[in-house]
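[1] Structure for this input, please:
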Amino acid sequence: MKKENDKLTTISNIFEGNEIRSIWNSEKEEYYFSVIDVIGALTDSKEPRKYWSVLKTRLKKEGSELTTICSQLKLKSGDGKYYNQDVLDTQGILRLIESVPSSKAEPFKLWLAKMGNDSYK
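    Okay, here's the model as predicted:
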């Protein structure tokens, strides 16, 4: 599923049955991924927003820069409307994976690598 907007293209991809909303920025030639979707896919949490909220607080206390490199971009929500949501580029997502204990970390990294090699660009 795509939504074109000048330099940004919204893309919905699937990782192990979980939707991962992402945005391709053609100007910067970079993907940005929904943090909530990634956390949901890695943890199978029923409340990935709450998980992210708690994790952000913990990371800030530890002095991690991960929360400061988060951007907010409009992504389509379940109600069909677009809302600003936390996103990270590929490097940021790799840093996020290090902060989330998950047996799905390695398969997710391989999925990310495939996204980077896609001829979508």
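
[2] ok, now which ones touch the residue located most distally from the centre of the chain?
    In the chain, the greatest distance from the average C-alpha position (CA atoms, centre = their mean) is reached by Lys61, at 21.9 Å. Going by CB atoms under 8 Å, 6 or more residues apart in numbering, Lys61 touches no other residue. (Glycine included, C-beta is placed from N, CA and C.)

[3] Which secondary structure element is home to Gly80?
    Applying DSSP states H and E as the criterion places Gly80 outside every helix and strand.

[4] In this structure Leu55 contacts Ile97, no?
    No: with contact defined as CB atoms under 8 Å, Leu55 does not reach Ile97; the gap is 11.8 Å.

[5] Helix or strand, whichever it is, which one in the protein has the lowest mean pLDDT?
    strand 2-5 (a mean of 46; mean pLDDT, DSSP states H and E).

[6] Show the end-to-end separation of stretch 79-95, please.
    With CA to CA, to the nearest Å as the measure, the first residue of stretch 79-95 is 30 Å from its last.

[7] How about residues contacting it?
    Contacts to stretch 79-95, defined as CB under 8 Å, 6+ apart, come from residues 22-23, 30-36, 38, 52, 66, 69-77, 96, 109, 112, 115-116.

[8] Downstream of whichever helix or strand Trp52 is part of, the next helix or strand is which one?
    Per DSSP H and E: Trp52 is located in helix 48-61. Counting by DSSP H and E, the next helix or strand C-terminal to helix 48-61 is strand 71-76.
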